[in-house]
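Trainee: Sequence and predicted structure below; questions after.
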Amino acid sequence: MTRGGDNLCAAPACGALAGRETQAGFTLFEFAVTATVLAVLAGVLLMRIAFYQQESERVAVQQVVATLRTALALRAAAVSPKGDRAAMVRLTEANPLDWLEHKPANYLGEYYSPELKQMPHGNWVFDRRDKCLIYLLNSPKSFSSEASKFLKFKVEYTELGRRAAGERFGPTEVSQGVALIQLTGESDATAEP
């Protein structure tokens, strides 16, 4: 020890510390391992984010379609007891999104034969020529393994005739209805939301 308390280090301990060189920071190997681990974690995170984006798109489309089917059922129930066939047929020609109090934020509007390739993805469009509601997919993987680019929905009218139980002849009772169905085809998705 030195006089006056300037240096409180005992000689054997101070000598041991002075003999070693201390290292500050990463070695190149430690840096490479850390960078690799961070890259793997970032890759996993990006894959999960992509999965959740696809899943959220699928769920959002399913919710809109379910809401439209409920709105259609309410409208059909209002005209069905009256037996008004013309009113039921008019439901097939209407834009289903007009039945909603609030249209989805991603609804682009009505078009006559829209050019779907030129429209932004992740949006709804109503084709006035075909009377179809179309959803332009952000990610085709959300609905199908096929390379589909859009989903098409249409309101269809049906009439069913039936006879009373046990009767082969006689008057038939006609039951009519409408349903929002998903159209399938070469360029449509096959998964049903």
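Mentor: In hand now; what should we look at? Worth saying up front: this structure is predicted, and the values here are computed from it rather than measured. Residues are numbered from 1 along each chain as shown.
Trainee: can you pull out the helices in the chain?
Mentor: 11-19, 28-79, 85-93 (DSSP state H).
Trainee: do you know which of those helices lies nearest Ala179?
Mentor: Evaluated over the helices of the chain, closeness to Ala179 peaks at helix 28-79, with 7.4 Å, by C-beta to C-beta. The C-beta positions use only the backbone N, C-alpha and C, and glycine is treated the same way.
Trainee: and the longest strand for the chain?
Mentor: Ranked by number of residues, the top strand in the chain under DSSP state E is strand 150-162.
Trainee: Check the average confidence over that one, would you?
Mentor: Mean per-residue pLDDT for strand 150-162: 80.
Trainee: For it, name the packing helices and strands.
Mentor: Under the contact definition 3 or more C-beta pairs under 8 Å, 6 or more residues apart in numbering; DSSP states H and E, strand 150-162 sits against helix 28-79, helix 85-93, strand 132-136, strand 173-183.
Trainee: Redo the ones you listed as a markdown table? Include mean pLDDT, mean neighbour count and distance to Tyr112.
Mentor: Putting the helices and strands packed on strand 150-162 into a markdown table (pLDDT from 0 to 100; neighbours: other C-beta atoms under 10 Å; distance: least, C-beta to C-beta, whole Å) gives the following:
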| stretch | mean pLDDT | mean neighbour count | distance to Tyr112 |
| --- | --- | --- | --- |
| helix 28-79 | 89 | 13 | 21 |
| helix 85-93 | 84 | 14 | 14 |
| strand 132-136 | 91 | 22 | 12 |
| strand 173-183 | 77 | 15 | 18 |
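Trainee: Now render the ones you listed as a markdown table, adding distance to Lys149.
Mentor: Converted to a markdown table, the helices and strands packed on strand 150-162 look like this (distance: least, C-beta to C-beta, whole Å):
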| stretch | distance to Lys149 |
| --- | --- |
| helix 28-79 | 13 |
| helix 85-93 | 25 |
| strand 132-136 | 7 |
| strand 173-183 | 14 |
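Trainee: any idea how far Ala73 is from Asp98?
Mentor: To Asp98, Ala73 is 16 Å away according to C-beta to C-beta, to the nearest Å.
Trainee: repeat for Phe51
Mentor: With distances taken as C-beta to C-beta, Phe51 is found 34 Å from Asp98.
Trainee: quick one, what contacts Pro104?
Mentor: 64, 97, 124 (C-beta atoms under 8 Å, 6 or more residues apart in numbering).
Trainee: Return the per-residue confidence for it.
Mentor: Pro104 carries a pLDDT score of 91 in this model.
Trainee: from now on call the first residue 621
Mentor: Okay, using 621 as the starting number, the last item reads as Pro724.
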